[in-house]
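Asks: After the sequence you'll find the predicted model.
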Amino acid sequence: MAGQATTWCGQSVERVEDAALLSGRGRFIDDLTVKTGTLHAAILRSPHAHARIVAIRTEAARKAPGVAAILTGTDITAHSASLVVGVKAPIECWPIATDRVRYIGEPVAIAIAADRYLAEDALDLIEVEYEPLPAVVDPLAALEPDQPVLHEPLGTNLVSERSFRYGDPDKAFAEAAHTVSVTIRYPRNSCTPMETYGVVAEYDPGEDSYDILANFMGPFSLHAVMARALKVPGNRFRLRTPPDSGGSFGVKQGVFPYVVLMGIAARLCGRPVKWIEDRLEHLTASVSATNRVSTLRAAVDAEGCVHALAYDQIEDVGAHIRAPEPATLYRMHGNLTGAYDIRHVSVRNRVVVTNKTPTGLNRGFGGPQVYYALERLMQRIAIELGLDPVDVIRRNLVPSGAFPYRTATGALLDSGDYLKAFEQALDDGGLDALRKRQAEARAEGRIYGIGLTAAVEPSVSNMGYITTVLTPQERQKAGPKNGAQATATVAIDPLGGVSVHVASVPQGQGHRTVLSQVVADALGLKPSDIRVVTDFDSARDAWSIASGNYASRFAAAVGGAAHLAAERIKAKLARSAAAQLNVPASEIEFAQGRIRARGNPDNAIPFSRIAAASHWSPGLIPEADQALRETAFWTPPELTPPTGQDEINSSLCHGFIFDFCGVEIDRDTGAVRIDKYVTMHDCGRILHPGMVAGQVTGGFAHAVGAALYEEYAYGPDGAFLTGTFADYLVPTAMEVPAPLMLHVETPSPFTPLGTKGVGEGNCMSTPVCIANAVADALGIAEIDLPLTPAKIAKHLHGEEKEPPHAFVRPAVAAAGIRALHGSGEAKVAAAPDAVWELLLDPATLAAIIPGCHGVARVSETHFRADVTLGIGPVTGRYKADIRLRDLVRPQSVTLDGVVDGALGNAAGTGRIRLSPMPEGGSLLTYDYDAQIGGKVASIGGRLLDGAARVVIRQFFAALARKTGGGKTKAGLFARLFGGRA
């Protein structure tokens, strides 16, 4: 109908962001200009998982060209305070190592120079003397009294333990017809945004203040943590973010320790300092999700109805318990019963530290760990009781009409009809047809399984949930903490242009598009009339400690705040227009860029004219406050502190997810193929269907990675084994099928727009759904992620037999570091005596060792060398200590070597044999065994093995040239596996 107002929310309008992002015109942190004279930082990181720092020698590095400063833990701690620890424990948490290192990749020193290249060069000149200590990486082992203790003042690796009881679980278990249990070990994984961490820091000595640009995502409760660490009040710590961010998915919360480091660096250097993390640093030393060991028991009746749950959870937060940890463990505390009506729950939570990277926010944040245990348990209940998994889920779901529903542990599930969504998914998703397909596949001898999962997706977290880690007495003493707050400012300029500022940093959610839809609907404009400012400035913008882009807060909280601010301006404009249109303000409506009388659309005035009046003629506006600028601070009253009985409504909104899938497993390789995946979502009111589909697709892709590919793997000594994309496998579009997405909408009564979060749900539901399908296909009771072909092949074919010794064994040594083995031969023109002399001559060795800067003879059988070696993307300078033994002149010698540098360490033994050849010259044969640790060990196994072969072949090729010719031969296995340089 002509003149009818357009509603923009609910439409998939064109994304405003895409014009710039898809044409390479995004403004990310490394794209922004910096002040003239800005210095650049590079970080020296620990090659050891656990070691005492004996000495750090920086003299040579300080004298290197372009170097402004070399900073160590002594410099940082002298000008800062320890980062806040998330629990009450006698431990400190610094952003740089002080007396010891506790994980591979921990910062040890910072080089600041005129450019990043010079700073990287300076790192090679820093000598750190370490005293290696035993490491512990298994959370169960960390609890044993004979294991190394990471923080001596604590005296243990257990940093927190709490037990909870809701209802009467003991009685429920005593009366249960059946008890079913599962034990799962949820692995470490992380998200890998295209853009890594970035910080540009500046210090003003006159104001004793910091101005820092960082791609930090929030929560801005960490603003106070950073300000405290920098020893300044919050109003002297200005934190800004760039307009665009190349993804986060949680991990960019973890940039905050580097904000502190670079702030102190800028202070000590007297100039701005810029640091951009490289990809190897990000994989090795940024935050990951926690790994968790959970034992979950259920008290079940004969029909499969669960009456009680008993959780025993051991959370591994890595080397330091950095704020907001142990948030991962408690974010889901109110949702431990998932989508089910279970009234009796007991919980035992233990938090331990290990020699691994500290953990932090990661997409799904606590949900994957909870649901993997809960939904594996639901499948086991069906199998052990001989029931249909569909019936077990159906009988336990929160019943229709029960909303808002209070869970046993305190969450208030705001809205939904889980049974309706469940039944609709079964019908529209075609579960019956999928089961028919499974039967046909199995009849043909193929391995096919079906998995199901129900889950509640929480969003808009209650910042008070983390205080559940404290006892009620400790909480009372500390004072209440609770709630969530979102802020938005809507302003109108003299020409009627509308601007929106929000304290939420976008990472792909479409802030500029969705907020323009929300405000356009309120003011009767087009989204193109609205400009949304996406960068953040704590000195300019309205914000709170709950601000930030986390816990799926955007649509529900930030969008709602923008709606409230727009409605306030709308009311002010309506009162002004009413006087001019001679109608009551209640009769005013906004549509198509005009403000008009509802009963007489021709009685109208342009929106821009009314807006301009408050600027050009404020005296004519019948308002005490004529300014057309409104800031809304929205706080939902439902988010209260934990009760005295430890009940906590840990999130405001609760979407519902029901997934099912069919997978087929290759009988020979063990590879998993997702044949069909159906995901049903109730995320409340949908503002932009296309954007919701994007969020579901993205979460599903992350979840496929977690299910089938991704794991932060550590050796028993803490060596990080997945430091490149050669070993930390991330799925591409080729590995991620398109899921069938279904939706129902039950608007939330607790948010201004009825919206809920949707960006994290599949990270919670999909890994266990796929695992249930794989377990169904294989007929097994226990299976842990990731479901790699090698792991599944063990179930299909048994343990693989150890292969015979060959030129290369790309394996991990028992000690947990890279083990390299090789052999080969070289023909040289000189006689054995001459070759022997060359091998013992420092000048000759310096000339033929690849990357050698010099060789010094300590004794007749003891040499020291300084070399620079590059292996794939890792290049570093190393100190080598070589000793000779078992000398049989000129026939054979054994070399024992130790190599140590900023990027790693190695120890090995090699045997060289010389024999004369009938045609003249010498045949030199060799074999070696070496173990590689530190950052170098994180390089992919094939790359590391190949690089070792190349370096050794280069050495003998140079020796052959030195003696007047000859050639090298690496042997049959070397040729088969690419041994030729």
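Replies: Received the coordinates, thanks. Numbering: from 1, shown residues only.
Asks: Name the residues of stretch 210-225 that are buried.
Replies: 210-223, 225 (16 or more other Cβ atoms under 10 Å). Just so you know, the C-beta spots here come from the backbone N, C-alpha and C atoms, and that holds for glycine as well.
Asks: Return the set of buried residues in stretch 103-114.
Replies: Result for stretch 103-114 [16+ other Cβ under 10 Å]: buried residues 103, 104, 105, 106, 107, 108, 109, 110, 111, 112, 113.
Asks: Ends of it, what's the gap?
Replies: 29 Å (Cα to Cα, to the nearest Å).
Asks: distance between that stretch and the chain's centre?
Replies: Between the centre of stretch 103-114 and the centre of its chain there are 21 Å (Cα atoms, centre = their mean, to the nearest Å).
Asks: Please give the element, helix or strand, for residue 883.
Replies: Per DSSP states H and E, residue 883 falls inside strand 874-888.
Asks: ugh, wrong one, I meant residue 297
Replies: Short version, using DSSP H and E: residue 297 is in strand 291-300.
Asks: and the angle for the following helix or strand past that strand with strand 291-300?
Replies: Using DSSP H and E, the helix or strand that follows strand 291-300 towards the C-terminus is strand 306-316. Strand 306-316 and strand 291-300 are oriented at 170 degrees to each other (axes from the mean of the first three to the mean of the last three Cα atoms, to 10 degrees).
Asks: Can you show me the CA trace of strand 306-316 as PDB?
Replies: Written as PDB, here are the backbone C-alpha positions of strand 306-316 (Å, rounded to 0.1, in the frame of the first residue of the first chain):
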ATOM      1  CA  VAL A 306      17.200 -38.800  33.800                       C
ATOM      2  CA  HIS A 307      16.500 -37.800  37.400                       C
ATOM      3  CA  ALA A 308      19.900 -36.700  38.500                       C
ATOM      4  CA  LEU A 309      23.400 -35.800  37.200                       C
ATOM      5  CA  ALA A 310      26.700 -36.000  38.900                       C
ATOM      6  CA  TYR A 311      29.600 -34.000  37.400                       C
ATOM      7  CA  ASP A 312      33.300 -34.300  38.200                       C
ATOM      8  CA  GLN A 313      35.200 -31.800  36.100                       C
ATOM      9  CA  ILE A 314      38.900 -31.100  36.000                       C
ATOM     10  CA  GLU A 315      39.800 -28.000  34.100                       C
ATOM     11  CA  ASP A 316      43.300 -27.400  32.700                       C
END
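Asks: wait, residue 56 sits on residue 125?
Replies: No. Residue 56 sits out of contact with residue 125 when judged by Cβ atoms under 8 Å, with a separation of 11.7 Å.
Asks: re earlier: give me the mean pLDDT for the strand holding residue 883.
Replies: If you average the pLDDT over strand 874-888, you get 76.
Asks: packing partners for that strand?
Replies: With contacts defined as 3 or more Cβ pairs under 8 Å, 6 or more residues apart in numbering; DSSP states H and E, the packing partners of strand 874-888 are strand 862-871, strand 892-901, strand 904-916.
Asks: let's go with 7 Å and repeat that
Replies: strand 862-871, strand 892-901 (3 or more Cβ pairs under 7 Å, 6 or more residues apart in numbering; DSSP states H and E).
Asks: I'd like the ones you listed laid out as JSON lines, including mean pLDDT.
Replies: Formatted as JSON lines, the helices and strands packed on strand 874-888 follow (pLDDT from 0 to 100):
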{"stretch": "strand 862-871", "mean pLDDT": "73"}
{"stretch": "strand 892-901", "mean pLDDT": "78"}
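Asks: now those in a markdown table, with distance to residue 553 and mean neighbour count?
Replies: Formatted as a markdown table, the helices and strands packed on strand 874-888 follow (distance: least, Cβ to Cβ, whole Å; neighbours: other Cβ atoms under 10 Å):
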| stretch | distance to residue 553 | mean neighbour count |
| --- | --- | --- |
| strand 862-871 | 43 | 18 |
| strand 892-901 | 44 | 18 |
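Asks: Specify the stretch among those strands that is closest to residue 496.
Replies: Closest to residue 496 of the helices and strands packed on strand 874-888 is strand 862-871 (Cβ to Cβ; 59.7 Å).
Asks: For stretch 661-679, report the contacting residues that lie outside it.
Replies: Outside of stretch 661-679, the residues within contact range by Cβ atoms under 7 Å, 6 or more residues apart in numbering are 425, 429, 434, 437-438, 441, 446-451, 657, 659-660, 696, 700, 708, 737, 739-742, 762, 769-770, 773-774, 777, 787, 789-790, 792-793, 796.
Asks: quick one: which helix or strand includes residue 232?
Replies: Following DSSP H and E, one finds residue 232 outside all helices and strands.
Asks: Would you agree residue 846 is in contact with residue 855?
Replies: Yes. Contact criterion Cβ atoms under 7 Å: residue 846 and residue 855 qualify, at 4.4 Å.
Asks: neighbour-wise, which of those two wins?
Replies: residue 855 (21 against 17; other Cβ atoms under 10 Å).
Asks: which strands and helices sit next to the strand or helix carrying that one?
Replies: Assigned by DSSP H and E, residue 855 falls within strand 852-859. Here strand 852-859 touches helix 842-848, strand 862-871, going by 3+ Cβ pairs under 7 Å, 6+ apart.
Asks: ok, residue 234 - contacts?
Replies: Neighbours of residue 234 in contact, by Cβ under 7 Å, 6+ apart: 223, 224, 227.
Asks: Please settle this for me: is the first one part of a helix?
Replies: Yes. Counting by DSSP: H, G, I helix; E, B strand; the rest coil, one finds residue 223 located in a helix.
Asks: And it, how far from residue 326?
Replies: Here residue 223 is placed at a distance of 20 Å from residue 326 (Cβ to Cβ, to the nearest Å).
Asks: Quick check: buried residues in the strand holding residue 297?
Replies: 291, 292, 293, 294, 296, 297, 298, 299, 300.
Asks: Quick check: closest non-adjacent residue to the fourth one.
Replies: Translated: residue 294. residue 373 (4.3 Å; Cβ to Cβ, 6 or more residues apart in numbering).
Asks: and residue 245, which of the helices and strands packed on strand 852-859 is closest to it?
Replies: strand 862-871 (31.5 Å).
Asks: how far out from the middle of the chain is the closest one?
Replies: 35 Å.
Asks: Quick check on residue 740: phi, psi?
Replies: Note on residue 740: its backbone torsions stand at phi -80, psi 120 [degrees, to the nearest 10].
Asks: Assess the claim that it and residue 428 are in contact.
Replies: No. Counting by Cβ under 7 Å, residue 740 does not reach residue 428; the two are 8.3 Å apart.
Asks: quick revisit: what are the phi and psi values at the residue nearest to residue 294?
Replies: phi -70, psi -50.
Asks: for residue 695, same thing?
Replies: The phi/psi pair for residue 695 (degrees, to the nearest 10) is phi -70, psi -40.
Asks: pLDDT value on it, please?
Replies: 95.
Asks: Skipping its backbone neighbours, what lies nearest it in space?
Replies: residue 759 (4.3 Å).
Asks: Kindly report the same for residue 584.
Replies: residue 578 (6.1 Å).
Asks: ditto for residue 165
Replies: Nearest one to residue 165, counting by Cβ to Cβ, 6+ apart, is residue 346 at 5.2 Å.
Asks: and what of residue 738?
Replies: Going by Cβ to Cβ, 6+ apart, residue 738 has residue 697 as its nearest residue, at 7.6 Å.
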